[in-house]
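**Q** have a look; sequence and predicted model below, questions after that.
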Protein chains: 2
Amino acid sequence: MGHLKKTKRDEIMQATLELIAEHGFHGAPTAMIAEKANVAIGSIYRYFENKDALVNELYYEIENRIFEAIIANYQKEKPIKERFSHIGEKLLKYLIANPMAFRFVEQFHNSPYGVAVRRERLFAEKNKTGKTDILKELYREGKANQLIKDVQLPVFFALALGALVAVARNHILGFIKLDDHRIDQIVGACWDAVKR
Amino acid sequence: MGHLKKTKRDEIMQATLELIAEHGFHGAPTAMIAEKANVAIGSIYRYFENKDALVNELYYEIENRIFEAIIANYQKEKPIKERFSHIGEKLLKYLIANPMAFRFVEQFHNSPYGVAVRRERLFAEKNKTGKTDILKELYREGKANQLIKDVQLPVFFALALGALVAVARNHILGFIKLDDHRIDQIVGACWDAVKR
DNA sequence: ATAAAATGAGTGAACATTCACTCACGAGAG
DNA sequence: CTCTCGTGAGTGAATGTTCACTCATTTTAT
């Protein structure tokens, strides 16, 4: 039987994810995390050096899951537009299927931790997850082939992902209901923003 | 002489704005606000019922300033595309000229306060500031005339503003440097995303 | 029997909020 | 003009609460 051997460590991370996603950093004190994870407060410190370490580890794990969702079935040899659509569609679908992950990442980015990570991510040549690399590659190729607008990398990212993320937020907050057709339409709109 | 009569109330609001913008909600304890404003801690509670009231009042004032910046010279009779560009350009320029305001609003939106305000904003028929109304009008007209894509209002908002806000963030964090030409280019890209 | 894992009451630091007090200033009395 | 109050903006030490983190003790696994 595929017995999901939930370790205490996993329980702690899951509880932290849910609490921060639902109530923000303020609404996730260690006592509450411990209670939700069915674990004693002290156990948290057996598995993580401190709360910061817990939060950071959780962030990197979630980032990794998102990356895995995007590269699944990614075909490097397809034309740029199709690859762009693949990334946008997979990303958007993952975010709305995993609202906790999305909310947590948003909270994280808007916290003291977040800015430093973002800066590092944009300027680093090599990347732990490789997530940005895929889009960076697409950017370089598209620019070389004159297929996308003549903008700087961060602007390209903003145009490609800014709207997508805003749409995901609206869906998760219950302002809209997305289906496959609408998702296609939105990813298409992002391509319109980016294409030359 | 136009003596800028800085009242204590103003000093408190300004100090709160700067602290929250620079260090987030965590980095703005009342003691620090008081110190920065050259005011005693207790004085804060003379002018505001509590910290929440202070933060909320500050938010509504800033929202109002942004709205004023957008409607200045707004010409209702111009074609849709030009009106769209006017809004995008004015908004983006205001945000990058007032990084404190931008950072504060972002912090606010991602705090417990924020979601409630956003929900109210999207669904309310009448709006305190009228800011969204201007874009809502444009949306309805554009849809009626088949000039913009057939998407729901919140999606239109996401496409129109999501990328813009992401660009402003990148500029303020120092990842890019925007000039008038680039701003035109970006607002144009947002129009591409939205237009049919 | 011994070690490893787990526990949660306890600790001190940080925080928002309170309130008893000060004192500059304007009004009224002489 | 001078003195004496009354007023309320302004103050900051004190309070009670919440939090992250510790560690002496108990439970579980080997």
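**A** All right, it came through fine. Computed from a predicted model, the values in this text were never measured in an experiment.
**Q** secondary structure element holding the residue nearest to A:Ala72 when sequence neighbours are not counted?
**A** Of all residues beyond its chain neighbours, the one nearest A:Ala72 is A:Lys90 (7.1 Å), with distances taken as C-beta to C-beta, 6 or more residues apart in numbering or on different chains. For the C-beta atoms, the positions are set from N, CA and C on the backbone; glycine is no exception. Here A:Lys90 sits within helix A:80-97, counting by DSSP states H and E.
**Q** alpha carbons only: can I get the following helix or strand past that helix in PDB?
**A** As assigned by DSSP H and E, the chain's next helix or strand after helix A:80-97 is helix A:99-109. Extracted C-alpha coordinates of helix A:99-109, given in PDB (Å, rounded to 0.1, in the frame of the first residue of the first chain):
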ATOM      1  CA  PRO A  99      -3.900  28.200  -3.900                       C
ATOM      2  CA  MET A 100      -2.000  27.600  -0.700                       C
ATOM      3  CA  ALA A 101       1.300  27.500  -2.500                       C
ATOM      4  CA  PHE A 102       0.400  30.700  -4.400                       C
ATOM      5  CA  ARG A 103      -0.700  32.600  -1.400                       C
ATOM      6  CA  PHE A 104       2.400  31.600   0.500                       C
ATOM      7  CA  VAL A 105       4.700  32.600  -2.200                       C
ATOM      8  CA  GLU A 106       3.000  36.000  -2.400                       C
ATOM      9  CA  GLN A 107       3.300  36.500   1.300                       C
ATOM     10  CA  PHE A 108       6.900  35.500   1.200                       C
ATOM     11  CA  HIS A 109       7.800  37.900  -1.600                       C
END
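**Q** tell me which helix or strand in chain A has the weakest average pLDDT.
**A** One helix or strand of chain A scores below all others by mean pLDDT, DSSP states H and E: helix A:112-123, with a mean of 73.
**Q** packing partners for that helix?
**A** Here helix A:112-123 touches helix A:51-71, helix A:99-109, helix A:153-172, going by 3 or more C-beta pairs under 8 Å, 6 or more residues apart in numbering or on different chains; DSSP states H and E.
**Q** include distance to DNA strand D when you put these into JSON lines, please.
**A** Shown next, in JSON lines, are these (distance: least, C-beta to the nearest atom of the strand, whole Å):
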{"stretch": "helix A:51-71", "distance to DNA strand D": "3"}
{"stretch": "helix A:99-109", "distance to DNA strand D": "13"}
{"stretch": "helix A:153-172", "distance to DNA strand D": "24"}
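**Q** most packed of these?
**A** helix A:153-172 (a mean of 24; mean count of other C-beta atoms under 10 Å in any protein chain shown).
**Q** and the residue lying closest to A:Glu82 once chain neighbours are set aside, which of the three is it?
**A** Distances taken as C-beta to C-beta, 6+ apart put A:Gln75 closest to A:Glu82, at 7.9 Å, once the chain neighbours are dropped. Under DSSP: H, G, I helix; E, B strand; the rest coil, A:Gln75 falls in the coil class.
**Q** nice, that's everything, thank you.
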